[in-house]
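In: structure for the following, please:
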Amino acid sequence: MAVIPVALAGREYEVVIEEGLLARLPEAAAAFFGAYGPDRPVPFVADSNTHRLYAEAITQDLMTAGFSVEWFVVEPGEQSKSWGALEALTDWLLALGITRKDHVFALGGGVVGDLVGFACAITKRGCGFVQLPTTLLAQVDSSVGGKTAINTAAGKNLIGAFHQPSLVLVDTATLDTLPDREMRAGYAEVLKYGLLGDAAFFAWLEANGASVLAREPEALEHAIAASIAMKARIVAADERETEDLRALLNLGHTFGHALEAETGFSDRLLHGEAVALGIVLAARYSARRGEISAADAARAQAAIAAAGLPARLADLGLACDGAALVDHMRHDKKAEARTLPFLLLRALGEAYVARDVDLADIAAFLDAELAG
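Out: All right, here's what the predicted structure looks like:
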């Protein structure tokens with residue numbers, strides 16, 4: 001078991017990592033059931049996959065503890081981070097009589113956490129929520145830090161708010177049912193933490209990544225705890241990304257979000273897969289600028305390929321050119337008034353924000369990568 005505090009001014013919360021937490025939910029989240037009871041149901045939101053896997057047991061456990069439960073179920077996938085889903089969820093919460101002192105429970109991956117977090121940020125001008133992430137990507141990244149959002153036609157995560165959870169419960173047992181592809185996609189974010197700020201952790205992942213992906217308990221808990229601890233430190237120092245520190249967490253995302261947009265935010269390229277390939281591109285572009293060696297860029301690429309993640313842009317078979325991908329980047333939420341910052345590498349384990357990148361050069365670089 002590991003307990004990691006996210007130390008924000010006056011609003012500290014904990015991330016608890018332990019196998020079997022969902023089976024002990026009435027105890028593990030006892031402080032957040034508030035005024036709920038047999039006649040006032042606890043609101044849970046899940047996607048249809050996690051609902052099928054866990055709803056019956058959670059409902060029964062809470063009924064045994066003296067609570068009733070209501071479920072709001074969304075479809076899996078980025079399409080549920082939409083205006084329509086947000087409207088339906090907020091209407092449902094209001095119909096339940098949610099108050100600012102109540103907590104909504106978000107069970108699932110990053111889509112559910114983002115949607116619920118944003119709904120809770122705006123309902124009654126802010127109510128509480130508890131994150132119960134069931135994918136590796138959500139456990140190590142999106143469930144911690146308070147970024148909540150939906151997607152629009154203009155791009156990914158462009159409408160949202162900073163709204164911190166009150167508690168995050170990471171049950172590593174939920175990863176036993178996670179498809180291998182989803183597990184690999186989450187592992188891309190774990191690799192990101194090593195590459196952006198901890199060379200020793202990256203080296204540990206090179207040696208132990210297969211054990212993490214095989215869900216070996218000790219390796220898995222260490223990888224999750226190390227990732228969350230790094231994110232917690234960064235979020236505590238730069239909660240709203242007003243400095244460059246939190247921006248480091250976006251390593252691979254500027255390239256990755258452009259690839260997601262080009263593939264229609266579909267299952268053709270999962271978010272973690274896009275981030276993995278984005279990290280490769282960031283490393284290779286850093287080498288193009290002479291900031292890291294070609295050997296270091298190849299090392300980052302090899303670690304991603306060894307995990308079974310996309311590691312070559314040409315392999316996607318995209319019917320576009322570099323300029324089209326750059327155009328997607330212009331709509332990224334990280335774009336500033338006159339510049340588009342890129343997360344690049346000075347070394348493996350040392351990322352930085354570059355604001356002097358020539359987008360024409362990025363387009364030329366991507367043309368070469370697309371050609372293989």
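In: contacts and neighbour counts: CA atoms only from here.
Out: Noted.
In: and Q301, how close does it get to L316?
Out: Computed as C-alpha to C-alpha, to the nearest Å, the Q301 to L316 distance reads 15 Å.
In: my bad, I234
Out: Counting by C-alpha to C-alpha, the gap from I234 to L316 is 33 Å.
In: hmm, back to that, neighbour-wise, which of Q301 and L316 wins?
Out: Q301 (22 against 14; other C-alpha atoms under 10 Å).
In: surely that one meets P310?
Out: No - using C-alpha atoms under 8 Å, Q301 is not in contact with P310, being 9.2 Å away.
In: how about stretch 259-273: buried residues?
Out: Buried positions in stretch 259-273, judged by neighbour count with 16 or more other C-alpha atoms under 10 Å: L259, E260, A261, E262, T263, F265, L269, L270, H271, G272, E273.
In: how about stretch 162-181?
Out: Result for stretch 162-181 [16+ other C-alpha under 10 Å]: buried residues 163-175.
In: so the residue nearest to L178 when sequence neighbours are not counted versus V3, what's the distance?
Out: Of all residues not flanking L178 in the chain, T135 sits nearest, at 6.8 Å (C-alpha to C-alpha, 6 or more residues apart in numbering). Applying C-alpha to C-alpha, the value for T135 to V3 is 18 Å.
In: hmm, which of the buried residues of stretch 259-273 is lowest in pLDDT?
Out: Within the buried residues of stretch 259-273, F265 has the lowest pLDDT, namely 84.
In: contacts only, for that one.
Out: E78, Q79 (C-alpha atoms under 8 Å, 6 or more residues apart in numbering).
In: check whether it sits in a helix, strand or coil.
Out: coil (DSSP: H, G, I helix; E, B strand; the rest coil).
In: ok, it to T152 distance?
Out: F265 is 11 Å from T152, by C-alpha to C-alpha.
In: and the longest strand for this structure?
Out: Assignment by DSSP state E gives strand 155-162 as the longest strand of the chain.
In: and the following helix or strand past it, what does it pack against?
Out: The helix or strand immediately downstream of strand 155-162 is strand 167-170, counting by DSSP states H and E. On a contact count with 3 or more C-alpha pairs under 8 Å, 6 or more residues apart in numbering; DSSP states H and E, strand 167-170 meets strand 13-17, strand 128-133.
In: most packed of those strands?
Out: Comparing the helices and strands packed on strand 167-170 on average neighbours per residue, with mean count of other C-alpha atoms under 10 Å, the densest one is strand 128-133 at a mean of 26.
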